[in-house]
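Participant: Build me a model from this:
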Amino acid sequence: MTTVISVHSFRGGTGKSNTSSNLAGQLASAGNRVAVVDTDIQSPGIHVLFGFSDDLDNTLNDYLWGKIPISQAAHEVTDRVSMSTPVADGGALYLVPSSMKSGDIARVLREGYDVGTLNEGFRELARELQLDYLIIDTHPGLNEETLLSITISDVLLLLMRPDRQDFQGTAVTVDVARKLGVPALFLIVNKVPSNIDADDLREQMNQVYGADVAAILPLAEEVVQNASEGLFSLTSPDHPWSAQIREAASRVSQ
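Facilitator: Have a look, this model is predicted:
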């Protein structure tokens, strides 16, 4: 049985792709078969974290337009984990990227795509790759694709920053997720300044949203400097940011 995890935020810029990729790396290193799907088709980017250039072929777009089966869009990236940390027996990591080609993005914006086809692709991918975890890196905000991802999720991770706009937008998303009956919902607070008490923030989040906090990720210059050079939680395992990613991985895998 595949556990479907959607990583979502109400606004862009919360670090969704970085969190999704590092979470996937942690789960794969523990011996799980994991795939990450970049469904942020309008503004993709997670592929850079796995060492791909912007002109890559065999993408989610190609599957959605009927050119290839989704299994052909799944690029194995286990080596991006094993180069930093040992991978337990059975562990594997795959990435289904979205296209960065300007013509492909323009076509999506112009024509859209069938979310039913996307849903079937998730099922097919889980079956063919015998996945333990399918991680969906979503498009920010609430739209048809996002609602589909939330609906089919076993776990929803909502990323937010500690500011008023994110507080309000996250409240709306939490309400929608609960109406859709998501089995497990966790918050991840990212880019938290060092002068904010983590325990107080965790308690505040619980009171405001009635949801558990899976991780509080500190605002760290090292993570910013790392930019898109790889999976920070694996290359810098002793960093407090990495420890919180491991905590999130532990929560979603319980």
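Participant: which residues in the chain form strands?
Facilitator: 3-9, 33-38, 75-76, 92-96, 133-137, 155-160, 184-192, 212-218 (DSSP state E).
Participant: will you turn the ones you listed into CSV that also has distance to Ile105 and mean neighbour count?
Facilitator: In this view, the C-beta of every residue, glycine as well, is placed from N, C-alpha and C. As requested, the strands of the chain are exported to CSV (distance: least, C-beta to C-beta, whole Å; neighbours: other C-beta atoms under 10 Å):
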stretch, distance to Ile105, mean neighbour count
strand 3-9, 20, 25
strand 33-38, 12, 27
strand 75-76, 19, 15
strand 92-96, 16, 25
strand 133-137, 16, 27
strand 155-160, 23, 25
strand 184-192, 26, 21
strand 212-218, 29, 21
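Participant: I'd like the ones you listed laid out as TSV, including mean pLDDT.
Facilitator: What follows is those, written out as TSV (pLDDT from 0 to 100):
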stretch	mean pLDDT
strand 3-9	95
strand 33-38	97
strand 75-76	96
strand 92-96	97
strand 133-137	96
strand 155-160	95
strand 184-192	95
strand 212-218	96
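Participant: Which one of those strands lies nearest to Ser21?
Facilitator: Closest to Ser21 of these is strand 33-38 (C-beta to C-beta; 6.4 Å).
Participant: List every C-alpha atom in that closest one, with coordinates, as CSV.
Facilitator: This file holds the C-alpha atoms of strand 33-38, laid out as CSV (Å, rounded to 0.1, in the frame of the first residue of the first chain):
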residue,chain,number,x,y,z
ARG,A,33,10.7,3.1,-2.3
VAL,A,34,9.7,6.8,-2.9
ALA,A,35,8.7,8.9,-5.8
VAL,A,36,8.3,12.7,-6.0
VAL,A,37,6.0,14.2,-8.6
ASP,A,38,6.4,17.9,-9.4
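Participant: That one relative to strand 133-137, how many degrees between them?
Facilitator: Here strand 33-38 runs at an angle of 10 degrees relative to strand 133-137 (axes from the mean of the first three to the mean of the last three C-alpha atoms, to 10 degrees).
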